[in-house]
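Q: Here is my input; please provide its structure:
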Amino acid sequence: IISLQNEVFAVVTAMKLVFAVFVMIFFLSTTREREIVQGLRFLKLPYSICMVAGLAFRAIGLSLIDFFTIQEAQKARGFDLSTLPIIEKIKQYGMYIVPVFAVALRRAEDVSLALDARGFVMFGTKTVKIKRTDYILSEYKLKTLDVAIIAILLALFVLIIIGNYLGWFKITGSLTSFLI
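A: Numbers count the residues shown, from 1 in each chain. Presented below is the predicted three-dimensional model:
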């Protein structure tokens with residue numbers, strides 16, 4: 001059913017998604033993959049989870065580089081997107097997905113073979129069960145201030161979740177209630 005309330009809900013949801021994408025882009029453009037993995041290891045997550053997260057974040061950056069490389073190759077062949085209308089641009093960008101995905105799969109296989117050649121398995125090593133040396137946990141120590149800040153942020157997060165459930169953040173008298 002198309003109603004004003006549904007349209008407002010759709011616009012608000014779309015704005016939330018766009019905001020989430022911008023926050024993620026900002027986070028990924030200001031933080032290196034190594035720092036993210038260090039943070040995960042500092043939180044004492046298993047090494048295998050940190051390794052997968054590091055590879056995933058690295059793949060995002062490499063996929064963006066591949067996308068721009070493919071776009072430059074198209075420009076070198078004389079294909080110019082600047083003259084096309086916006087709908088055609090979106091369709092053309094959609095056509096870039098196939099080569100970017102193919103390059104990503106090829107790169108994933110190369111990384112898999114490289115990890116296998118170095119004897120890496122998700123838990124322990126291939127031949128002998130020895131514990132990995134964890135340089136991150138030996139270099140960085142959790143201090144009292146760190147624990148206090150984490151506790152405050154977790155309490156704030158829980159308070160926001162409870163407040164949202166109890167309706168503390170309901171917007172009354174706003175534009176949405178005026179329109180509906």
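
Q: Which elements pack onto the host helix or strand of Ala56?
A: Assigned by DSSP states H and E, Ala56 belongs to helix 47-76. On a contact count with 3 or more C-beta pairs under 8 Å, 6 or more residues apart in numbering; DSSP states H and E, helix 47-76 meets helix 4-30, helix 33-42, helix 97-117. To be clear about C-beta, it is placed using only N, CA and C from the backbone, and glycine gets the same treatment.

Q: ok, and what's touching the next helix or strand after that helix?
A: Beyond helix 47-76 on the C-terminal side, the first helix or strand identified by DSSP H and E is helix 86-95. Residues from elsewhere that reach helix 86-95, judged by C-beta atoms under 8 Å, 6 or more residues apart in numbering: Leu81, Leu84.

Q: per-residue confidence averaged over helix 86-95?
A: The pLDDT scores in helix 86-95 average 82.

Q: Dump it to PDB, keeping only the CA atoms.
A: What follows is helix 86-95, C-alpha atoms only, in PDB (Å, rounded to 0.1, in the frame of the first residue of the first chain):
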ATOM      1  CA  ILE A  86      22.900   8.900 -15.300                       C
ATOM      2  CA  ILE A  87      20.800   5.800 -16.000                       C
ATOM      3  CA  GLU A  88      23.300   4.600 -18.600                       C
ATOM      4  CA  LYS A  89      26.200   5.300 -16.300                       C
ATOM      5  CA  ILE A  90      24.600   3.100 -13.600                       C
ATOM      6  CA  LYS A  91      24.200   0.300 -16.200                       C
ATOM      7  CA  GLN A  92      27.800   0.700 -17.300                       C
ATOM      8  CA  TYR A  93      29.100   0.600 -13.700                       C
ATOM      9  CA  GLY A  94      27.100  -2.600 -13.300                       C
ATOM     10  CA  MET A  95      29.000  -4.100 -16.100                       C
END
